[in-house]
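Asker: Sequence first, predicted model second:
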Amino acid sequence: MSLLPLDEALAPIAAACALAFGLPPLLRAILARVVGSEEALANACLGASFGLATCLALASHHAIGPTFLRAPTAGWAFAALTVTASLVTLLWPCAHWVRRRTWAASPLLVGLLVGAIPAALTVAVARSTALGETRLISVDEGRAWWRVRVDPWDPSALLALAWAAQRRDETSSLAAARAAEAERLGARLSEVRTLQATLTAAQGRCDEARRLFDEALRARAREALEAGEPLDLSYPLPETLVRRCELANPSARE
């Protein structure tokens, strides 16, 4: 079973490739209008290469998500390819000027500043799409999809999509598969066990559902202790557990 539709799994890869081949000509065009001469442009492009490489490394090192690979570190090979392709595209037209090593501080500085813009935007996009401490059960599915497009390895986003699948189908095997993968990627165990308990309750396996929810409560207490946070005792009971297994009523235990 595919955790993500193929078009969604390919979206981060396509975005990284578009940046790798689209950003260099754009940066060259901007710098050419700013600095003027070919020699100054070569210096500016050299300065911009640092920001461009940073942007591509951040955007592409996790673009190949768990749908294709099991280890995120393998994505650095893809990052190396995109960074190399972008730098060659940016610097090759002015390679003869770079080889002459006629450095000029002002164009270099202009290039550094212009090249820093896409790197800063990449960081801003990553931070703005992060789910943070939001309760994953209530995260909007569209917001979770945008996060997955930016970082397919984000366990919180994958778990939010698992909750979305559960809302469409209470016994969803896709939700269960996404929850298991989110746990492997490092999602909070309390969130994973709560979803698994909800799915199990929907199947009528109430004893197993109660056991999983007990594990979720213990994991939540442990997570709060490890983080040095106060334990919130107002944790809501999943609606499916209450409805299918009467969890709120102690006398209803089988």
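Answerer: Perfect, I can see it now.
Asker: Just give the number of residues close to residue 25.
Answerer: Neighbour count of residue 25, defined by other C-beta atoms under 10 Å: 12. All C-beta spots, glycine's among them, are computed from the backbone N, C-alpha and C.
Asker: actually residue 218, sorry about that
Answerer: When neighbours are counted by other C-beta under 10 Å, residue 218 comes out with 13.
Asker: count of residues packed around residue 230?
Answerer: Neighbours of residue 230 using other C-beta under 10 Å come to 7.
Asker: Go ahead and report the secondary structure state at it.
Answerer: Three-state assignment for residue 230 (DSSP: H, G, I helix; E, B strand; the rest coil): coil.
Asker: what's in contact with stretch 123-137?
Answerer: 58, 139, 143-144, 146-147, 150-151, 154, 156-157, 159-160, 163, 191, 194-195, 238 (C-beta atoms under 8 Å, 6 or more residues apart in numbering).
Asker: Would you write a ChimeraX line that selects the buried entries of those residues?
Answerer: A single ChimeraX command selects the buried members of those (16 or more other C-beta atoms under 10 Å):
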select :58,139,144,147,150,151,154,156,157,159,160,163,191,194,195,238
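Asker: and the contacts of stretch 123-137, which of them are in helices?
Answerer: Using DSSP state H, 58, 143-144, 146-147, 150, 156-157, 159-160, 163, 191, 194-195 are the members of these that sit in helices.
Asker: farthest-separated two in those?
Answerer: Using C-beta to C-beta, the pair of these lying farthest apart is 58 and 194, separated by 32.1 Å.
Asker: Roughly how far does the closest residue to residue 230 other than its chain neighbours sit from residue 49?
Answerer: Spatial nearest neighbour of residue 230, chain neighbours left out: residue 224 (7.0 Å); criterion: C-beta to C-beta, 6 or more residues apart in numbering. Distance of residue 224 to residue 49, computed by C-beta to C-beta, to the nearest Å: 46 Å.
Asker: got it, and residue 154?
Answerer: 29 Å.
Asker: got it, and residue 123?
Answerer: 18 Å.
Asker: same check, this time on residue 213
Answerer: 53 Å.
Asker: between residue 123 and residue 49, who's got more neighbours?
Answerer: residue 49 (21 against 13).
Asker: Which element, helix or strand, includes the more buried one?
Answerer: helix 38-60 (DSSP states H and E).
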